[in-house]
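Enquirer: Sharing a sequence plus its predicted fold:
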Amino acid sequence: MRILLTIAYDGTRYSGWQKQKSPEVLTVEGEVEKALRTLFRNPELECIGASRTDRGVHALGQRAVIDVETTMPPEKIPLAIRPFLPEDIVVTAAREVPGDFHPRYDCVKKTYEYHIYQSPYKNPKERLYSTFVYSPLDLEKMNEGAKAFVGTHDFAAFCAAGSSVSTTVRTIFDCHVEQEGPHIRILVTGDGFLYNMVRILAGTLIAVGQGKIPAEKVAEIIAGKDRRQAGQTAEPQGLTLREIYYDLP
């Protein structure tokens, strides 16, 4: 049967989700696959992930599928695999899906969160899960700038060099900024994202909040399709893949 897994992880120790050619490079996918092979006693078992998160990026709702012959009910897998996984990776759910289901191609939308810790002083407990900004940020201006991302646009200005995609057009369904004390979160949901797109988006909105980029200029930056006009690429540790959505019964 084909089984869809939901996976949460702290990406601090890992060189991203995707397996590398060298087995010495620690990746989340590599650790998950190793645990699955042990659980199902199948050294050839492979998993197919939905999103290739970068080094240091975290996830609460990463998805991956496996094809496996087993009598174990899928809902039992999260508990059964737990002893074989490191403490910073957890399978939180498992369910059977159709045999032709693909976690990337059947994705309807994804939600990412970018976490900013805004304070005059750094908080050591936040250093692995947020980016630190010491100056106050104008949340109203950031939300004004965030509205420009909503819709279908060519996001070439928000794509890092080295991407090999056929098109840089993406649709953003929602983008907004919220704050609770020193914690500021940028939440963005779209049908897909380019390489480093969310981190560049976050860097741009931070610059808007600091007054370095006018909120009304964000739409011009998108239309201009020039990466040099957008903000810096925000640090990876502030980024979390929150959820991946599918049209499944």
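Expert: Perfect, I can see it now.

Enquirer: in the helix or strand hosting residue 29, what's buried?
Expert: If you go by DSSP states H and E, residue 29 is part of helix 28-40. Across helix 28-40, burial judged by 16 or more other Cβ atoms under 10 Å covers 28, 29, 30, 31, 32, 33, 34, 35, 36, 37, 39, 40. (Glycine included, C-beta is placed from N, CA and C.)

Enquirer: Just give the number of residues close to residue 145.
Expert: By other Cβ atoms under 10 Å, 27 other residues sit near residue 145.

Enquirer: Quick one: list the elements packing against the strand or helix carrying residue 64.
Expert: The secondary structure element spanning residue 64 is strand 58-67 (assigned by DSSP H and E). The helices and strands touching strand 58-67, judged by 3 or more Cβ pairs under 8 Å, 6 or more residues apart in numbering; DSSP states H and E, are strand 2-9, helix 28-40, strand 47-49, strand 239-246.

Enquirer: Kindly reformat these as TSV containing distance to residue 112 and mean pLDDT.
Expert: Below are the helices and strands packed on strand 58-67 laid out as TSV (distance: least, Cβ to Cβ, whole Å; pLDDT from 0 to 100):
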stretch	distance to residue 112	mean pLDDT
strand 2-9	14	98
helix 28-40	16	97
strand 47-49	15	96
strand 239-246	6	98
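
Enquirer: would you turn the ones you listed into TSV with distance to residue 196?
Expert: Listed next are those as TSV, based on distance: least, Cβ to Cβ, whole Å:
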stretch	distance to residue 196
strand 2-9	19
helix 28-40	18
strand 47-49	18
strand 239-246	10
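
Enquirer: Looking at these, which is nearest to residue 73?
Expert: strand 2-9 (10.2 Å; Cβ to Cβ).
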